[in-house]
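Student: Curious how this folds, go ahead:
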Amino acid sequence: MLVLVFSIGLGWLPVSGAAPDGLFSAGGWRYLVLPSVAMGVSLAAILTRMVRTAMLEELNQDYIRTARAKGLTESAVVYRHASQRPRSIVTVVGLQFGALLAGAIVTETIFSWPGLGRLVVTAISSRDYALVQGSLLTIGLTYVLVNLLTDLTYRLVNPRMRG
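Tutor: Have a look, this model is predicted:
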């Protein structure tokens, strides 16, 4: 839909491919817009819902009522107290990285971007099983590494787990 509207219909952005002179040339950023939006919008929607739910839950806690009773402004309550607590967001961001990897395969194929996802699709279509196995192993190890880093980050963010 993005390609139909912004590339073909309006002619604002290139349909596919990478910038011929590199991304830092004049107009090279235009090649990044559609793939970035395609990959980021759905993940941003999920993250926004999670942040909103976590913040609403946190704003109903007793210590927030105490901070308000002390006379703190609403912005001080939200930014100093409530936004420091929702730690489940770290887990959601880590898990979304796996969805980003899976989405990269489709996005790279649609927008003709060179990358690991497109390499996997090309290797599957040419029946290069060794390349498919190596690529999937790399993707799997990356996903495991990101989950490990997510767990370590959660341990740093959550003071109850530092013990």
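
Student: distance of residue 48 from residue 29?
Tutor: 24 Å (C-beta to C-beta, to the nearest Å). All C-beta spots, glycine's among them, are computed from the backbone N, C-alpha and C.

Student: dump the residue contacts of residue 100.
Tutor: 39, 43 (C-beta atoms under 8 Å, 6 or more residues apart in numbering).

Student: which element follows the helix or strand hosting it toward the C-terminus?
Tutor: In this assignment (DSSP states H and E), residue 100 forms part of helix 88-110. Using DSSP H and E, the next helix or strand after helix 88-110 towards the C-terminus is helix 116-125.

Student: and that following helix, which residues are buried?
Tutor: Residues of helix 116-125 classed as buried by neighbour count (16 or more other C-beta atoms under 10 Å): 117-120, 123.

Student: Closest one of the residues you listed to residue 9?
Tutor: Using C-beta to C-beta, the shortest approach to residue 9 within these belongs to residue 118, at 25.3 Å.

Student: In contact with that closest one, which residues?
Tutor: Counted by C-beta under 8 Å, 6+ apart, residue 118 has contacts 105, 108-109, 112.

Student: can you tell me how far it sits from residue 11?
Tutor: 25 Å.

Student: and if you look at residue 83?
Tutor: 42 Å.

Student: Between the two, point out the one with more neighbours.
Tutor: Neighbour count, other C-beta atoms under 10 Å: between residue 83 and residue 11, residue 83 has more, with 14 against 9.

Student: Pass me the low-pLDDT residue ranges in this structure, would you?
Tutor: 17-27, 84-87, 158-163 (pLDDT under 70).

Student: which residues of it fall in helices?
Tutor: Ranges of helices in the chain, per DSSP state H, are 2, 30-58, 62-69, 74-76, 88-110, 116-125, 129-157.

Student: who are the neighbours in contact with residue 135?
Tutor: Taking C-beta under 8 Å, 6+ apart as the test, what residue 135 contacts is 116, 119-120, 123.
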